[in-house]
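>>> Show me the folded form of this:
(3 chains)
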Amino acid sequence: MSAVYDLIRYAQLRHRAFTEVVDRLDDGKFHFSAKDNLCADGFQARAGSAVLDGYRPPFDATPIQKMKEVGGQLVGKTTMDEFGFGTFSTNSAHGVPLNPFDLERSCGGSSGGAGAAACLIPGHIALGVSTGGSISGPASFCGVVGLTPTYGRVSRHGLIDYGNSLDKVGLLARSASLIAKHFRTIAGPDPKDPTSCAQPALPEKGKMPRSLAVPKEALQNLDPAVRSSFHDALARFKDIGVEVREVSMPSLRFALPAYYILATSEASTNLARYCGMRFGRREEELNQHFNDFFTGVRSESFGDEAKRRILLGTFCRMVGFRSRYYLKSLAVRQLLIEDYRTIFRDHDAVVTPTMPFVAPRFEDISRMKPLEMYGADVLTVPPNLTGMPHVSLPCAYVQGLPVGMQLVADHWKELDLLEAASAWEKAFEYRFPEVSP
Amino acid sequence: MKIGLEMHFQLPTRSKLFCSCPTTSAEPNHNICPVCLGYPGSRPSLNRKALEAGLSIARFLDCTIEERVWFSRKTYFYPDLPKNFQITQYESPLGTNGHFDLNGRRIGIWRVHLEEDPGRIKRVGRSGEEIAFVDYNRSGIPLVEIVTAPDLTSPEEARAFIDQLVIELRSLCGLEAQDEQTVRVDANISVGEERVEVKNVQGLRNLEKALKFEAIRQTKLLAAGKKVIRETRRFDEERKVTSSAREKETEEDYGYIGEPDLGEFRIGDMARNLDLKETPLARARRLVSSFGIGEATAKQLVLTSVTLTDLFEELCGHVPPEKAVSWTTGPISGNWAVLQDRARWSDIIQIVKDDAEGQITDNEAKRRILSLAGVQQEAAAEGGDDLAKLISDYVDAHPEVLADYRKNPKAANTVIGHVMKESKGRYSSKEVVEEVKKEMEKRV
Amino acid sequence: MDRETIARVAKVARLNLTEDEMERYAKDLDDILNSFSVLDEAPAGESYSFNPIPVVDVLREDEPAQDLDPQVLRNQMGAYEDYVRGPRLS
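Got it, this is the predicted structure:
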């Protein structure tokens, strides 16, 4: 067996990065993985949930199909928080992935397994999905590069939905060049996903950002180690000729609530279909009144966080509450897009740390209240809510653990971000854990 | 009495509203795909034809057309609903505030919008223990929902309204004849103050029965000094009664949100650029007002054939409308199937013109028309003999007519009347009058 | 969030909650929504869009086509004589 295959199995068994892997690697193909909410013929697609146990999709998600068309072999499905609900991949029904740098710490979420796979396996490209920061977070905690494209850049056909106006398929890998190559593969309009048909064509090349903006509101409540790492990173940017300025984004404080309300509102409708009748079929329990049947299957099979988000989302859509929560959040999204646009008139990208702390220990996570966990998304939510493309880059190591920084560009400017990513890794050397499978 | 209707018609597109599955009739669960089954990872894409058909209907009903529309998710749980939400334009209709002309009265149309049909449930098993066997062929078929103001005043009028609406919509966008299978109606009916909703009535006969039953039920309650409760009822097809649906399951909160997967549609220009055909009943009204022909005649014409009506209108440019009517609804109509392909319309028109101007007899004109249609005929002369025979037979049998005629020429009318009746319109009145007068004079 | 409200939300969402769960989730939602009340300070906005980028007039031509063999789907749904068996209706 090849060294790569050994690493894949190592990542699966030691770090629980994968829910399933192939038996063997095909010759002449490059290896890639997909988060378990992306459908692929020949694999289960359970999206981290027991409600989809046994479900084998009869078709490939478009991004997976495109990767196969250029010679990729899908070697495994990566572990994740149930339906994307989480920041630490601890809400997984199929194994919680363990951080490549420290087995007692989280990989981040919800694309935790993808982060681990990208980190542990050189040359590996992991397809991840972000709704509120689920590519950036794992990239930051696992010390890899994570690109979240503009909303609508990559087809979502075959992506098991969390929030239809928020989900984006993206990539995690050790280097910007690997990501740049495969970003072009998966980008592009697909008639099966109308929201992917609004994109402008990708330009030939990106432009290196010359001026970065740091919103002062984003620098509150940071772990001191993250704060100082971030400032060192900004100094390094200046060294390579990039200007850095502080700006203000006054609407930032609305971002987290608006995101959670929109995301859970959409999710609570997306998850209505999981009721045991067709996919994830519960044959034995059919002999009940349909309301009892549906309620029984759902109550047994959804995890705690899934239930919480379904309840929250259902509430925010209800008569009497809809205006205050759901409709208001839609308005806030537009407000934030305007805030970003104002900044992009004078700057090429916005930069912040990716996460407010380094990868937390599982025992610390188990003591966190839901609101605290949602708060961890405070830096990744703004670009996700507004659909802006963003990239997370390792920018420091604190006691051996990676710290990430996140660059955000205007809609459709992924290639500019990749130029920055490319320049950055020449200026700052990435470290990866020693692995002996 | 006030009745308002919420009608759902299936639009005749070749593929479904949000996926390209066929809409033809098929074995159960053969016209299916991940989209109309609501499989995880699937998402809708809007059928252009369905949007155009919906817009045609909104414009035909004189609605105010929105510039920008979108779709919403209406969430509720039922075994026939694949996603457990229905994608509907309920919050963002194509058109509002329109009207329909019903026999000279305006019925207000509140809204026209599109939504997807759920699957169909076959109830299997013993009553009270039935299970759902679901066929998803119907899931995703495009529906247009049309909601009226409570302007209808009786069950009969409601029935007439839908019958006429269907005639118009069939011509406008090819809607299928609405039989028991396809039209679904929710009706609101109030005899007094309180409004009762009768939900989910399938088919027009059931609708009429349901409304009649409900009208009587409410009338009886009020006559007995009791109150009508404002509620939702269902129509029991077998027992032919409406019954309270209060014991039905959970009250739903539909929790509407926008459907992000479809985006939005700027339909203002699309609606303005639509080329709308003139619908049959609207055309009938125009014929009545333009040519002064009777309403029943006009309706008969438009419902028989579009091309025949076209010929009628052309004829009116050459002969008086009554002539155009009698020829069009007479010999031409009888042979139209052949005539419309075989004959040059200018030839037909010339014949009718010649007859109108007295250049040829009615008989001759008719003979020429039939000839154009390739109908074998006997010699014209026999027709003439036949007329003479009819007249002389009658006068022979009724000698008193001759006696009356000597005193008053108007007695000839009796003979004329009889012969016209007997000959069943084979001869024009001019011909008959002439021949009768000739015969009477001969005998006198 | 009182017990009646959380019970209603759970019913609408088709989730069975134990008394403990109801209390726990009610408290969670309370905490979350209280912290979200900062949204009340944001302006309401006139019209709104459901996507962060404009998605306008994306239409599909009315051509019937099926990519996937329906038999595969019927098998997956455990169809019985071509029907998908569901739960009881009463």
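
>>> contacting residues around the nearest residue to C:Asp30 once chain neighbours are set aside?
Leaving aside its sequence neighbours, C:Asp30 sits nearest to C:Met1 (CB to CB, 6 or more residues apart in numbering or on different chains; 4.9 Å). C-beta: built from backbone N, CA, C; applies to glycine. Applying CB atoms under 8 Å, 6 or more residues apart in numbering or on different chains, we find C:Met1 in contact with C:26-27, C:29-30, C:33.

>>> Derive a PyMOL selection command for the buried subset of the residues you listed.
Applying 16 or more other CB atoms under 10 Å in any protein chain shown to these, the buried members can be selected in PyMOL as follows:
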select buried, chain C and resi 26+29+33
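
>>> so of the contacts of C:Met1, which ones are in helices?
Residues of the contacts of C:Met1 located in helices (DSSP state H): C:26-27, C:29-30, C:33.

>>> Adding distance to B:Ser346 and pLDDT as columns, could you present those in CSV?
As requested, the ones in helices among the contacts of C:Met1 are exported to CSV (distance: CB to CB, whole Å; pLDDT from 0 to 100):
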residue, distance to B:Ser346, pLDDT
C:Ala26, 83, 97
C:Lys27, 87, 96
C:Leu29, 80, 96
C:Asp30, 84, 96
C:Leu33, 79, 96
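
>>> Nearest to A:Arg322, out of the residues you listed: which one, please.
Nearest to A:Arg322 among the ones in helices among the contacts of C:Met1 is C:Leu33, at 13.5 Å by CB to CB.

>>> mind checking how far that closest one is from A:Tyr162?
From C:Leu33 across to A:Tyr162, the span is 20 Å (CB to CB, to the nearest Å).

>>> same question, C:Glu63
Going from C:Glu63 to A:Tyr162 by CB to CB gives 31 Å.

>>> quick one, which of the two is more surrounded?
Neighbour count, other CB atoms under 10 Å in any protein chain shown: between C:Glu63 and A:Tyr162, A:Tyr162 has more, with 27 against 11.

>>> wait, what's in contact with the residue nearest to the more buried one when sequence neighbours are not counted?
In space, and not counting its chain neighbours, A:Tyr162 is closest to A:Gly84: 3.8 Å by CB to CB, 6+ apart. A:Gly84 makes contacts with A:37, A:47-48, A:110, A:129, A:131, A:134, A:162, A:167, as judged by CB under 8 Å, 6+ apart.

>>> closest to chain C among these?
A:Asp167 (11.4 Å; CB to the nearest CB).

>>> which ones are touching the closest one?
Contacts of A:Asp167 by CB under 8 Å, 6+ apart are A:84, A:129-131, A:151, A:156, A:159, A:161.

>>> And for C:Arg85?
Contacts of C:Arg85 by CB under 8 Å, 6+ apart are A:286, B:131-134, C:78-79.

>>> and it, what helix or strand is that in?
Element membership for C:Arg85, per DSSP states H and E: strand C:84-88.

>>> starting at the chain centroid, how far to that strand?
Relative to its parent chain, strand C:84-88 has a centroid offset of 21 Å by CA atoms, centre = their mean, to the nearest Å.

>>> quick one: which of the contacts of C:Met1 is nearest to A:Phe321?
Nearest member of the contacts of C:Met1 to A:Phe321, counting by CB to CB, is C:Leu33, at 9.0 Å.

>>> Next, find the distance separating the closest one from chain B.
According to CB to the nearest CB, to the nearest Å, C:Leu33 and chain B sit 16 Å apart.

>>> Would you format the contacts of A:Gly84 as CSV with pLDDT included?
Formatted as CSV, the contacts of A:Gly84 follow (pLDDT from 0 to 100):
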residue, pLDDT
A:Asn37, 98
A:Ala47, 98
A:Gly48, 97
A:Ser110, 97
A:Val129, 98
A:Thr131, 98
A:Ser134, 98
A:Tyr162, 98
A:Asp167, 98
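
>>> Of all pairs in the residues you listed, which one is the farthest apart?
A:Gly48 and A:Asp167 (14.4 Å).

>>> Spit out the contact partners of A:Ser229.
Taking CB under 8 Å, 6+ apart as the test, what A:Ser229 contacts is A:353, A:395-396, A:398, A:403.

>>> helix or strand for it, which one?
Counting by DSSP H and E, A:Ser229 is found in helix A:224-239.

>>> tell me the mean pLDDT for that helix?
The average pLDDT within helix A:224-239 is 97.

>>> And that helix, how far out from the chain middle?
24 Å.

>>> and if you look at stretch A:208-222?
Distance of stretch A:208-222 from its chain centroid, counting by CA atoms, centre = their mean, is 21 Å.

>>> Near B:Tyr76, how many other residues are there?
Using other CB under 10 Å: B:Tyr76 sits among 17 other residues.

>>> And it, how far from A:Ala376?
In terms of CB to CB, B:Tyr76 sits 34 Å off from A:Ala376.

>>> Same question for B:Leu61.
From B:Leu61 to A:Ala376 the distance is 53 Å (CB to CB).

>>> Same check on A:Ala180?
28 Å.
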